[in-house]
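A.B. asks: sequence plus predicted model, see below.
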Amino acid sequence: MEQLELGFIGFGLIGGSIARSVKKKKPDITVRVYTRRQNPELDQGIAEGIIDELLYEIDGQLSTCDIIFLCAPVLKNAEFLPLLKNIVKPDCIITDVGSVKGNICEAAAQNGLSHQFIGGHPMAGSEKTGYANSTDILLENAYYLLTPTADNRPEDVTRLQDLVTLTGANCVILSPDEHDKITAAISHVPHIIAVSLVNLVRQSDNEEENMKAFAAGGFKDITRIASSSPAMWQDICLANRESILPILQLYKEQIAEFEKMITCGDKPGIYQAFREAGEYRNSIPAGKSSVIARSYELYINIDDRAGAIATVATTLSVHGISIKNIGIIHNREFFDGVLRLELYNEEDADKSRQLLMQNHYDIVERK
């Protein structure tokens, strides 16, 4: 890959992680970052050698960039296109990192930039935000979706793919329309459903908050995403409304059908709905063949005694295995295995399973 100059408009968790990962592989890549105001986190980026230059204006200093990343909120990104169109060089690629593509692709066309704009969506994140929480491994093995159009030059798509590869992500090509329909179904509407369910319980709870007290297990699993940024999801809902609304209508029809089956006492219908859903959910492939990034988890039955978790952690640590996440399942109505371990990769998960079984731990196999 030739010497590259990268520009970032906005530089938080995702932009910072992209820059960190490509700088790790190619230290000679130049990174310029536009920011509206001074930010101690970005000063740290300069000190760390990740950022080569901070810019406080959208001006000619971006004119030498080979690729510019729009890393602002999804509705804000489009506002930068009119400022960029008279600055960027003809072969500069403009891309973004948002989870909605239709609006930004339309804005690029309106500004005469459709031949230079290639939508991007790294499917990775964290509950933490900002450059200070970025890492050079955040995108490793995550899916990075690119949404070129017929207006893009194949060589530009290849150039952007090559850069994405430096982050350690798995690059997948989709059309903008297909991207938005998929993310509406597997991400945007599930977030709306999770928020609605949490608000339903919040509004239905009693003064003692008994529902809140016992909200664990399945409820916490399916509503975890309700804790996401309200500002970000406000923008996503509005930017992708054309794809979200049809999926929401289909969901309402599903709920109405369930209501009908329960009202009529339709035992076969209820059974079939759960059976078909279970079969489909269990058939979702893990790993690189799936748009859903694989999670390497082990569920272990352990005694409730002091030091039990430390013993498990020590057993794995002695054999060079790092634990990505660890948790206790308190409400076990729908779960076997009180201890949940998340490992970084399949090899570590398999090795951990063997080690713990050799040490007579009860490993619970779950799909």
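C.D. replies: All right, it came through fine.
A.B. asks: top helix in the chain by residue count?
C.D. replies: If you go by DSSP state H, the chain has its longest helix at helix 241-264.
A.B. asks: which SSE is immediately downstream of that one?
C.D. replies: Following helix 241-264 in sequence order, the next helix or strand is helix 267-283 (DSSP states H and E).
A.B. asks: helices or strands next to that following helix in the packing?
C.D. replies: Where contact means 3 or more CB pairs under 8 Å, 6 or more residues apart in numbering; DSSP states H and E, helix 267-283 is packed against helix 241-264. From N, CA and C alone the C-beta is placed, and that goes for glycine too.
A.B. asks: quickly find the element holding Cys171.
C.D. replies: Using DSSP H and E, Cys171 sits in strand 170-173.
A.B. asks: can you show me the helices along the stretch 251-367 of the chain?
C.D. replies: 267-283, 308-318, 346-358 (DSSP state H, counting those that start in this stretch).
A.B. asks: please name the nearest non-neighbouring residue to the residue positioned nearest the centre of the chain.
C.D. replies: Residue closest to the mean C-alpha point of the chain, counted by CA atoms, centre = their mean, is Ala124 at 3.2 Å. Spatial nearest neighbour of Ala124, excluding adjacent residues (CB to CB, 6 or more residues apart in numbering): Ala142 at 3.8 Å.
A.B. asks: list the residues that contact that neighbour.
C.D. replies: Listed by CB atoms under 8 Å, 6 or more residues apart in numbering, the contact partners of Ala142 are Pro122, Met123, Ala124, Ala169, Asn170, Ala293.
A.B. asks: any idea how far the nearest residue to Ala72 once chain neighbours are set aside is from Asp235?
C.D. replies: Closest residue in space to Ala72, ignoring its immediate chain neighbours: Gly10 at 4.1 Å, by CB to CB, 6+ apart. Look at Gly10 and Asp235: by CB to CB, to the nearest Å, they are 13 Å apart.
A.B. asks: related to what we said a few turns ago, check contacts around the residue nearest to the centre of the chain.
C.D. replies: So Ala124 contacts Ile14, Ser17, Leu138, Leu139, Ala142, Ala169, Ala293 (CB under 8 Å, 6+ apart).
A.B. asks: same question, Leu6
C.D. replies: Counting by CB under 8 Å, 6+ apart, Leu6 touches Ala19, Val22, Ile29, Thr30, Val31, Arg32, Cys65, Asp66, Ile67, Ile68, Phe69.
A.B. asks: out of the residues you listed, which are buried?
C.D. replies: Neighbour counting with 16 or more other CB atoms under 10 Å marks Ala19, Val22, Ile29, Thr30, Val31, Arg32, Cys65, Asp66, Ile67, Ile68, Phe69 as buried within the contacts of Leu6.
A.B. asks: SS state for the fifth one?
C.D. replies: Think Val31. strand (DSSP: H, G, I helix; E, B strand; the rest coil).
A.B. asks: the first one now?
C.D. replies: The three-state label given to Ala19 by three-state DSSP is helix.
A.B. asks: so it touches Gly10, yeah?
C.D. replies: No - contact criterion CB atoms under 8 Å: Ala19 and Gly10 do not qualify, at 11.7 Å.
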